[in-house]
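A.B. asks: Pasted the sequence and its predicted model underneath.
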Amino acid sequence: MVDGLGVGDIGEIVLRDRQMLAKDGMFVIVATIDHKTGKVQGSPDIISRGFVYLRESKELLMETRRKVIGIINQTASADGTSNWTYVKSELRNKIGEFLFQKTERRPMVLPVVIEV
């Protein structure tokens, strides 16, 4: 395998990720969390590449935003000591399942949690 200047130096995981991105695209969720309350501030931002065209999928995006807020509010603790790795894992798994139910495609879901 030739990749850039290297020959055979790309690992299996990188190749698998590239194949997933090429097949189903990616779905990035950016949520800002209040560190005092553990609740979502505002509406989560969603970025989609190679999965759905955002302007034509407004209903799916609104449902996804509601689901993201529910998952974070359910898994984050109110005292600001949440395990953000667990919260991101829950977002990745549950939003991935939700998107598969709605579209029968499995985009790479990348949750980003910013605590302020």
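C.D. replies: All right, it came through fine.
A.B. asks: Could I get the average pLDDT for the strand or helix carrying residue 66?
C.D. replies: According to DSSP states H and E, residue 66 maps onto helix 58-75. Taken as a whole, helix 58-75 has an average pLDDT of 91.
A.B. asks: Show me what it packs onto, helices and strands only.
C.D. replies: strand 26-33, strand 40-49, helix 84-103 (3 or more Cβ pairs under 8 Å, 6 or more residues apart in numbering; DSSP states H and E). Quick note: C-beta positions are derived from backbone N, CA and C, even for glycine.
A.B. asks: of all these, which lies closest to residue 73?
C.D. replies: Proximity to residue 73 (Cβ to Cβ) singles out strand 40-49 among those, at 6.8 Å.
A.B. asks: Show me what counts as buried in the closest one.
C.D. replies: Across strand 40-49, burial judged by 16 or more other Cβ atoms under 10 Å covers 40, 44, 46, 48.
A.B. asks: neighbouring strands for that strand, and are they parallel or not?
C.D. replies: Applying DSSP bridges to the sheet, strand 40-49 is found paired with strand 26-33 (antiparallel).
A.B. asks: returning to that earlier point: could you say which of the helices and strands packed on helix 58-75 is packed most deeply?
C.D. replies: Sort the helices and strands packed on helix 58-75 by mean neighbour count, taking mean count of other Cβ atoms under 10 Å, and strand 26-33 sits at the top with a mean of 20.
A.B. asks: gap between that one and the chain center?
C.D. replies: On the basis of Cα atoms, centre = their mean, to the nearest Å, strand 26-33 sits 6 Å off its chain's mean C-alpha point.
A.B. asks: So which bits of the helix holding residue 66 are buried?
C.D. replies: Buried residues in helix 58-75, defined by neighbour count with 16+ other Cβ under 10 Å: 60, 61, 64, 65, 67, 68, 69, 71, 72, 75.
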